[in-house]
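[1] Return a 3D structure for these sequence lines:
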Amino acid sequence: MKKLIALLLVLVLIIACTNTILANDSIYNNQSNTVCLVCNTGLMDRVFTDIEKNHADQNSTIVISLNEQRNVLNLALYYRGQSYLSELFGDCVELEGANYKGYSGIYNGTISSKDDNNQTKDVVPITANLIESEGDTFCALTIDSNDGTPLILFYGERTEAIKELSALEYEEYLANDKESMVNNEPKGITVNGEMAYQGSRLIVKNGRPVASIHFYHAPELRNQGSMTVRLKMNTSSFYIGQYIQTDLGYGSNYAGFTPTRIELSIRGYSNLHSTGVYTPTSGTTSFNMVIPYYIPNIGIGTVTFPITLSSTSVSTSAYPSSSYYTNNKVYWTLKKTAGWGSTAFEGNQNSQTGMTVSTPLTYEGNVTSSFFTDITYTGLIQIKYYVLDGGDIINLSFTPSSVSTTSTVTIVP
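    Below is the predicted model:
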């Protein structure tokens, strides 16, 4: 009975999507509120000729619905006797090759199963890498698991259109990767004797430190004064490669990676808040990024690099919610759809590399004696990677769990 209900659910969604497509004549009709893609036909036993473990189950079906802006994806998945519904969020880039055009997007969310009492259990992250072109659709689902090795399922046909757009996206990655290495020259170096390296936190995937965040600020802040706080993200191509080649089993088929989304935040508490100056600001698509690095026995140096982005979003909030100030916390979402290249942010707290954000923090309160207060940081990174299969190229992605850590500053009268 459960299997019948699940099949009926997917069938209803397929019919609904089919009606939408027919009503709008084309899934690329800009007047349509939704774009519905049915990936239940022509399921392949295998996608790769050399990688047999990653394939869609023969009894598995997905139905995908995208909103007009293509930033919200609703997924109906039927897999091994169970049906799952999930809402994923992301964005896409429009691609146009010599013969075909379409979209490539990455969408993230969570998926959960039900126990015998219909209670939600095992909520895990899910990522959809989607390529669509003039009626052809290919989707790769990456579903995290409790044992650290995700389940990767592929749906759709690797048509000539899908292959061409995948190759085009890979060519853009190679161009960005080359540019990130060639142009890795600092524009200026300074030493700030007041700012200090305060600490780091590793971002781990399946036990491998694939990335890290590092934070820098002065050890003391005078009441009513301000200090700049810098937070940077670095990657480790060695551990990212190990995770993809060894843990995911792609071996020599692995063809490279690139960060496509980075989220960073800096948060003070109560009277410790931002002055309202944020670098970068919302809407920024290019800026001169000031990158801090630690020089042992000397202090903090900075280098300036020009960097480009697809989009920047900055949001602020009070912390705690009862705070008088609305910008205790500053949260940046930084994206580049084609990615920045594998070497762009390679390094650690001592390197002259890394995606960096900053804001001045100020303390406004009645201070009669010195005391300590915390600054909290968070970091998240999305990695797109490429796998070769003969002359074809498949793009996939993974997003390690976000991390949070703190440093301490002394507030003085």
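[2] can you pull the contacts of residue 210?
    With contact set as Cβ atoms under 8 Å, 6 or more residues apart in numbering, residue 210 has these partners: 203-204, 235-236, 239-240, 243, 381, 383, 400. The way it works is simple: take the backbone N, C-alpha and C, and place the C-beta from them, glycine included.
[3] Try it again at 7 Å.
    Residue 210 makes contact with 203-204, 235-236, 239-240, 243, 400, according to Cβ atoms under 7 Å, 6 or more residues apart in numbering.
[4] before we move on, what about residue 209?
    Here residue 209 is in contact with 202-203, 236, 239 (criterion: Cβ under 7 Å, 6+ apart).
[5] how much space between it and residue 200?
    Computed as Cβ to Cβ, to the nearest Å, the residue 209 to residue 200 distance reads 10 Å.
[6] low-confidence ranges in the stretch 1-150 of the chain?
    For the stretch 1-150 of the chain, residues meeting the criterion pLDDT under 70 lie at 1-59, 115, 146-147.
[7] what about the strands in it?
    For the stretch 1-150 of the chain, applying DSSP state E, counting those that start in this stretch gives strands covering 34-38, 61-67, 72-79, 82-96, 101-114, 120-133, 136-143.
[8] list the buried ones in the fourth one?
    Taking 16 or more other Cβ atoms under 10 Å as the neighbour-count basis, strand 82-96 is seen to contain the buried residues 83-84, 86, 88, 90-93, 95.
[9] got a list of contacts for that strand?
    Contact partners of strand 82-96, identified using Cβ under 7 Å, 6+ apart, comprise 6, 9-10, 70-77, 101-111, 113, 126, 128, 165, 168-169, 335, 337-338.
[10] Just the buried ones from those residues?
    Buried subset of the contacts of strand 82-96 (neighbour count, 16+ other Cβ under 10 Å): 6, 9-10, 70, 72-77, 101-109, 111, 126, 128, 165, 168-169, 335, 337-338.
[11] coming back round to it: any chance of JSON lines for the strands of the stretch 1-150 of the chain, columns distance to residue 150?
    Supplementary listing: the strands of the stretch 1-150 of the chain in JSON lines, determined by distance: least, Cβ to Cβ, whole Å:
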{"stretch": "strand 34-38", "distance to residue 150": "22"}
{"stretch": "strand 61-67", "distance to residue 150": "16"}
{"stretch": "strand 72-79", "distance to residue 150": "14"}
{"stretch": "strand 82-96", "distance to residue 150": "15"}
{"stretch": "strand 101-114", "distance to residue 150": "12"}
{"stretch": "strand 120-133", "distance to residue 150": "9"}
{"stretch": "strand 136-143", "distance to residue 150": "5"}
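[12] of all the ones you listed, which lies closest to residue 226?
    strand 82-96 (34.4 Å; Cβ to Cβ).
[13] now that closest one and strand 101-114, what's the angle there?
    Strand 82-96 runs at 160 degrees relative to strand 101-114, counting by axes from the mean of the first three to the mean of the last three Cα atoms, to 10 degrees.
[14] and the direction of strand 82-96 versus that of strand 61-67, what angle?
    50 degrees.
[15] Pull out the C-alpha coordinates of strand 82-96 and format them as PDB.
    Coordinates of each C-alpha in strand 82-96 appear next as PDB, following Å, rounded to 0.1, in the frame of the first residue of the first chain:
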ATOM      1  CA  GLN A  82       9.900   5.600  -0.500                       C
ATOM      2  CA  SER A  83       8.800   9.000  -1.600                       C
ATOM      3  CA  TYR A  84      10.500  12.200  -0.500                       C
ATOM      4  CA  LEU A  85       9.600  15.900  -1.000                       C
ATOM      5  CA  SER A  86      12.100  18.600  -0.600                       C
ATOM      6  CA  GLU A  87      12.500  22.300  -1.300                       C
ATOM      7  CA  LEU A  88      16.000  23.300  -2.400                       C
ATOM      8  CA  PHE A  89      17.500  26.800  -2.800                       C
ATOM      9  CA  GLY A  90      20.300  28.000  -5.100                       C
ATOM     10  CA  ASP A  91      20.900  29.700  -8.400                       C
ATOM     11  CA  CYS A  92      21.900  28.900 -12.000                       C
ATOM     12  CA  VAL A  93      23.900  30.300 -14.900                       C
ATOM     13  CA  GLU A  94      22.700  30.600 -18.500                       C
ATOM     14  CA  LEU A  95      25.000  28.800 -20.900                       C
ATOM     15  CA  GLU A  96      25.100  29.100 -24.700                       C
END
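[16] Please state the offset of it from the chain centre?
    The chain centroid and the centroid of strand 82-96 are separated by 13 Å under Cα atoms, centre = their mean, to the nearest Å.
[17] circling back to that earlier point, out of the contacts of residue 210, grab the one that's most surrounded.
    When neighbours are counted by other Cβ atoms under 10 Å, residue 235 leads the contacts of residue 210 with 29 neighbours.
[18] Figure out which of the strands of the stretch 1-150 of the chain is closest to residue 342.
    That would be strand 101-114 among those, by Cβ to Cβ, at 16.8 Å.
[19] What pairs with that closest one, parallel or antiparallel?
    strand 82-96 (antiparallel), strand 120-133 (antiparallel) (DSSP bridges).
[20] so which of those comes closest to residue 229?
    Closest among these, using Cβ to Cβ: strand 82-96, at 28.1 Å.
[21] The closest one to strand 136-143, inter-axis angle?
    130 degrees.
[22] Run the angle between strand 82-96 and strand 72-79 for me.
    Per the same axes, to 10 degrees, the angle that strand 82-96 makes with strand 72-79 is 130 degrees.
[23] Just the ones in strands from the contacts of residue 210, please.
    With DSSP state E as the criterion, strands contain 203-204, 235 from among the contacts of residue 210.
[24] residue furthest from the geometric center of this protein?
    Farthest-out residue of the chain from its mean C-alpha position, per Cα atoms, centre = their mean: residue 368, at 43.9 Å.
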